[in-house]
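Asker: fold the following and give me the result.
(2 chains)
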Amino acid sequence: MKALRGMLACLLICNLASPLPMAAAPPAASGKRTAPASQLQNDQRILQALNRFTFGPRPGDLAAVRAMGLDAWFEQQLHPASMDESALNARLARFPVMQWSFRDLIFRVPPNPVLRQAMNGRFNVPPSGVLHAVYENGIYREQQRRAGKFNPPAPAGPPPAMQPPPEAGSPPPGQPDAQAMALAAGMDSLDGTSQSDAILALPPQQRLDRLAAMQPPDFEAFLRSLRPPQRRQLTAGMPPGLCEAVQDLENPQRLVVSELLAERLTRDIYSDAQLQEVMTDLWLNHFNIYLHKNELMPYYLASYARQTIRPYALGKFQDLLEAVAHSPAMLIYLDNAQSTGPHSLAAKRFARASFRRPRLRRQEPPGLNENYARELMELHTVGVNGGYTQADVIQVARVLTGWTVERPLMGGSYLFNPNRHEPGAKKVMGKKIKGHGEQQGEALLHMLASSPATAHFLSQELAVRFVSDNPPPALVDRMAKTYLASGGNISAVLRTLYHSPEFWAASNYRAKVKTPLEFVVSAARATNANVENFQPLIGALNQMGMPLYGCIPPSGYGWNAATWVSTTSLVDRMNFSLALAANRFPGIRVRFAPENANPAMANPQQQEAQLERMLIPGGVSISTRSAALEQFRSRWAKAAPLRTANLMRRPNTAAPGLTPLEREDQMLAGLLLGSPEFQRR
Amino acid sequence: MNRRFFLHKGALAVAGTGALPNFLVRSILAETNVHPGRRLVVIFQRGAADGLNVVVPYREKNYYAMRPTIAIPQNRVLDLDGFFGLHPSLASFKPLYDAGHLAVVHAVGSPSMNRSHFDAQDYMESGTPDNKSTTDGWLNRALQAEDACACARHRQEHTAFRALALGAQVPLTLAGRIPAIALNNVNGFSIAGRGPAFSPAAQAFEAMYADSGDRILHAAGDQTFDAVKMLRAADPAQYAPAIGANYPTTEFGNSMRQIAQLLKANLGVEAAFTDVAGWDTHQNQGGVNGQLANRLADFSASIAAFWRDMGDDAGDITLVTMSEFGRTARENGTAGTDHGHANVMFVLGGDVKGGKVYGKWPGLSEEQLNQGRDLALTTDFRTVLGEVVTHTMGAENLNAVFPGARLDPAGFLRMT
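Answerer: As a prediction, the model looks like this:
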């Protein structure tokens, strides 16, 4: 045992002497006198940039940036159009539905409102083929749901808007007992089982055709009869298009939700244009929208990131603000789509109509809704201290009347409806709004986007995201100045941030605690994970309190440590780390290739050092390292030849196909991902 | 209508029977007000619940005039006192009210005129309206005040579960010097498996965080491992809900069920917090049925199930609900309501003098409304919370809990 301790001490000292930068060690003192504080140097600069402007370094990123030069890398990140994204595009091709136009999406993956229209004969069901079956199944489900309404009520659940995100792969919602019994009675279970196996054994295209040929009740019964492994077999061997068709038959809305989330995570993990994705994420949070606001929202969100946010993520803020203000997603989420001027033509018509038809008198005349107006100022532009009053909120709501969505429940697009627009002049924060009708809204957005309050509010948000929870006010002021001087150019503001001594201050190194999204994505990147199934990551984010598109209030998520450091989040992060590293998530594979193919040469310290370089290139503290290695002590105590023999033996019953060496790597990797150091960036 | 306040057992009942001098009230509080088993459950309705449709002033003519499509008809409310009635979705609250456990406070809320959800929530959670610099929450300060007061001798020992938030994060209400834990899934709260012994991986993590120089993560790690070990020992999974405690299968129902589970496991929970979202009904809010009705059904069924689940222990529990502000007295142009001012709170507990609607009713005529648009405020929410923390935690120094509020225990506890 004593010898062992000596060995451990020696190894730790050896590690100290190695070129690996130590997290605990203070960075070398800066030679520059102008620097306000100790400044990061060399690799720590690169890691600082990688940790802030990407979702975390992948193995090899440090060396690549070293070779390229940090400044050149940063400029390249500011120009994502110049980058080759073929690898990413190959992965995105797995989600064809996400590439469809809005109309195609609504028609081919029909949401419930479209199915209801079809049910009521106001929309033609496609005459044949898989799509016909998609509609038939959907209409059947809708009828079942309605029939369920008249049964004795179960404990009241939240309305659709409030339900937590559905978990893909979960069984379809329960049906009335009578229905289930009738189905069971009509189906011999033994026959059913053998029939299921026969269907699952069909080649992909025939399997799909067979499923599409089933009558809706039979299809539902078939799905319910499947055991989990059979369920996975359902789409086995299918190319993305067929896979989606099967899911479309099952539940179109769920297909859209799962691909929406999977596409977002694919980009976060695999895009090389990382800064663009980080900024897209920042703006998606800034212009937060809740996925389950209504049944159409997943469909609107499918194009929200692609068309509304990402193209402007590094451009001019005003373009971004305008795109959001014209997006059906935002107009619906914050209720502006329904807001009507009290003196508008539409309101007058209503008054006349209700005079003729007394039944209408019980309805409140259409009127203002302040929701978007308030959040536009409070959250999107000038901030809560931006100098507006309740009277200004009402004025802004009046300006924006008429900004609506054409046929919102059928997936329509932005429309300015002059009949709903409140006539007359408006004054916001003491300034007269120019123009008439729709122009007033444009003028308002311009006024807000170019306000110094907005410049400051956005700079503060960027600095909290990229620098520290309490960014230096002087830095924020300089960024705001750049914002105003550049006409609200987001890239220019980021450049100011990048070239500021505050960003490179040693005190800001690892100053940020990762949010759950940053943690999950950075773990997938650090391990070079091949993610075929995104459900485990989506589930982890739900569990950690940060579901994608799942923030109900318009504020979006907070980005400081206090929000995300808690007992439960640490437990979740540790368990996630161990599961990811041990390949316990179905459809996600990580591999830690031992540097030393010869196990006789391997030792736990070497394994740990190699994994540390891969997963946490900035290094971990001595205490973290020795805690990770501690459990292998007993194993070291064994004679070396015995250990070698053990390590070569395979397979192992606990994890078939793995050598003990590989299992040790998995455990060490899991511990490193769950370590305090990996929780920071 | 009886507008008196509502705690009636023990010292408070004595204090309420007449004009006792303050020093005597204080000494009685110190003697008898706290015993170890008293627990406080705090529920925050995020998004600003529409108090006027939750507890409906159904004798107010103007209520119906201002809410032509969303008002709750007189014949549908569950009458409380001949003037107010519960929304029909709150049916499971009615027996609690009738049994005298549930009290209603109307026209109550934060005096701040801020209409931002986020600022208003912060103000209510910090307990310091219009003061942005407060970094801790009123409930955390109440626990601090408990430690500071003489009666703390009853609770020398505190566990990691003393301050508990159901959810992924510790809310501002519970943030502060007293460590608080967050927990979103009782059964998943273990590291690297649920075996009887701590696994090697769990031990490694424990050592890493214990020795970490990272101040924030080190502290969180300490609490985490304490809590995980306690929970492992207590095995809360053995506490199945009591018969008849039918929790809705919703996020909120789930939270309330887990709070009951942890309370029953005797882990030393003194203050528990959870929140429930989805009250921001700007459009299509519904009346007897619809959006708000569904929220209220979930809300009341979950709380009623919790109460039933706690059984005999319910007598030691005080539960209080709040929301950042109310909503406009008039419905808006989209069959919803916008951000308003005063609201309604519920206080449920064995020591609550329930079966009453408390607070001065300001009326709903044009000149009685706040800024011509909202229910005016007649009771500061801190008056209610101050009484609650004094009673459940024995927090004597209310000025430390609600600085600047100048709450006078004798003033608001005096019952006529």
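
Asker: could you use CA atoms for every contact and neighbour count after this?
Answerer: Will do.

Asker: give the burial count for the residue of chain A found nearest chain B, as a bare number.
Answerer: Going by Cα to the nearest Cα, chain B is nearest to A:Gly367 of chain A, at 3.3 Å. As a burial measure, A:Gly367 scores 24 neighbours (other Cα atoms under 10 Å in any protein chain shown).

Asker: what does A:Gln215 give?
Answerer: Per other Cα under 10 Å, the neighbour tally for A:Gln215 reads 14.

Asker: ditto for B:Gly372
Answerer: 15.

Asker: what about the strands in chain B?
Answerer: B:39-46, B:55-57, B:78-79, B:84-86, B:102-109, B:163-166, B:181-183, B:271-277, B:317-323, B:343-349, B:357-358, B:379-380 (DSSP state E).

Asker: what strands line up against the third one, and which way round?
Answerer: Right, the one you point to is strand B:78-79. Here strand B:78-79 is paired, per DSSP bridges, with strand B:84-86 (antiparallel).

Asker: now do the partner strand: distance to the chain's middle.
Answerer: Computed by Cα atoms, centre = their mean, to the nearest Å, the chain-centroid distance of strand B:84-86 equals 20 Å.

Asker: how about low-confidence regions in the stretch 201-350 of chain A?
Answerer: Within the stretch 201-350 of chain A, no stretch has pLDDT under 70.

Asker: what does it have sitting close to chain B?
Answerer: Within the stretch 201-350 of chain A, the positions lying close to chain B (Cα under 8 Å from any Cα of the partner chain) are A:335, A:338-340.

Asker: just to revisit the earlier point, out of the strands of chain B, which comes closest to A:Tyr549?
Answerer: The closest of the strands of chain B to A:Tyr549 is strand B:271-277. By Cα to Cα, the value is 15.2 Å.

Asker: related to what we said a few turns ago, now, which of the residues of the stretch 201-350 of chain A next to chain B sits nearest A:Pro59?
Answerer: A:Asp335 (45.0 Å).

Asker: now the closest one: how far from B:Gly47?
Answerer: Remark: distance between A:Asp335 and B:Gly47 (Cα to Cα, to the nearest Å) = 15 Å.

Asker: between those two, which is the more surrounded one?
Answerer: With neighbours defined as other Cα under 10 Å, A:Asp335 and B:Gly47 compare such that B:Gly47 has more, 25 against 22.

Asker: quick check: the more buried one vs B:Phe118, distance?
Answerer: With distances taken as Cα to Cα, B:Gly47 is found 9 Å from B:Phe118.

Asker: now do A:Ser38
Answerer: From A:Ser38 to B:Phe118 the distance is 37 Å (Cα to Cα).

Asker: same check, this time on B:Asp312
Answerer: 38 Å.

Asker: again, but for A:Asn285
Answerer: A:Asn285 sits 15 Å away from B:Phe118, going by Cα to Cα.

Asker: then B:Ser89?
Answerer: 27 Å.

Asker: go ahead and flag the most central residue of chain A.
Answerer: A:Leu548 (4.1 Å; Cα atoms, centre = their mean).

Asker: could you dump the strands of chain B into JSON lines with mean pLDDT and mean neighbour count added?
Answerer: Formatted as JSON lines, the strands of chain B follow (pLDDT from 0 to 100; neighbours: other Cα atoms under 10 Å in any protein chain shown):
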{"stretch": "strand B:39-46", "mean pLDDT": "96", "mean neighbour count": "22"}
{"stretch": "strand B:55-57", "mean pLDDT": "98", "mean neighbour count": "27"}
{"stretch": "strand B:78-79", "mean pLDDT": "98", "mean neighbour count": "20"}
{"stretch": "strand B:84-86", "mean pLDDT": "98", "mean neighbour count": "24"}
{"stretch": "strand B:102-109", "mean pLDDT": "95", "mean neighbour count": "26"}
{"stretch": "strand B:163-166", "mean pLDDT": "95", "mean neighbour count": "25"}
{"stretch": "strand B:181-183", "mean pLDDT": "91", "mean neighbour count": "28"}
{"stretch": "strand B:271-277", "mean pLDDT": "96", "mean neighbour count": "23"}
{"stretch": "strand B:317-323", "mean pLDDT": "96", "mean neighbour count": "24"}
{"stretch": "strand B:343-349", "mean pLDDT": "96", "mean neighbour count": "25"}
{"stretch": "strand B:357-358", "mean pLDDT": "94", "mean neighbour count": "26"}
{"stretch": "strand B:379-380", "mean pLDDT": "94", "mean neighbour count": "20"}
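
Asker: who in the stretch 1-150 of chain B is up against chain A?
Answerer: B:47, B:67-69, B:115-116, B:118.

Asker: one step back: okay, B:Asp312 and B:Phe118: which has more neighbours?
Answerer: Using other Cα under 10 Å as the criterion, B:Asp312 and B:Phe118 rank with B:Phe118 on top: 19 against 10.

Asker: which residues touch the more buried one?
Answerer: A:Ser555 (Cα atoms under 8 Å, 6 or more residues apart in numbering or on different chains).

Asker: try it again at 10 Å.
Answerer: Contacts for B:Phe118 (Cα atoms under 10 Å, 6 or more residues apart in numbering or on different chains) come out as A:378-379, A:384, A:553-555, B:46-47, B:124, B:324.

Asker: which of these tops the neighbour count?
Answerer: With neighbours defined as other Cα under 10 Å, the most crowded of the contacts of B:Phe118 is B:Glu324; it has 31 neighbours.

Asker: how near is that one to A:Pro298?
Answerer: 29 Å.

Asker: mutual contacts of B:Gly47 and B:Phe118, please.
Answerer: Shared contacts of B:Gly47 and B:Phe118 (Cα under 10 Å, 6+ apart): A:553, B:324.

Asker: please enumerate the helices of the stretch 201-350 of chain B.
Answerer: Ranges of helices within the stretch 201-350 of chain B are B:215-234, B:251-264, B:291-310, based on DSSP state H, counting those that start in this stretch.

Asker: dump these into TSV; add mean neighbour count and mean pLDDT as well.
Answerer: Listed next are these as TSV, based on neighbours: other Cα atoms under 10 Å in any protein chain shown; pLDDT from 0 to 100:
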stretch	mean neighbour count	mean pLDDT
helix B:215-234	19	89
helix B:251-264	23	94
helix B:291-310	23	97
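
Asker: got a markdown table for these, with distance to chain A too?
Answerer: Below are those laid out as a markdown table (distance: least, Cα to the nearest Cα, whole Å):
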| stretch | distance to chain A |
| --- | --- |
| helix B:215-234 | 5 |
| helix B:251-264 | 8 |
| helix B:291-310 | 6 |
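
Asker: make JSON lines from those helices and add distance to B:Asn75 to it.
Answerer: Conversion of the helices of the stretch 201-350 of chain B to JSON lines gives the following (distance: least, Cα to Cα, whole Å):
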{"stretch": "helix B:215-234", "distance to B:Asn75": "49"}
{"stretch": "helix B:251-264", "distance to B:Asn75": "29"}
{"stretch": "helix B:291-310", "distance to B:Asn75": "16"}
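
Asker: nearest to B:Ala197, out of those helices?
Answerer: helix B:215-234 (9.3 Å).

Asker: now that closest one against helix B:251-264, angle please.
Answerer: 70 degrees (axes from the mean of the first three to the mean of the last three Cα atoms, to 10 degrees).

Asker: quick check, pLDDT for the residue nearest to the centre of chain A.
Answerer: A:Leu548 carries a pLDDT score of 97 in this model.
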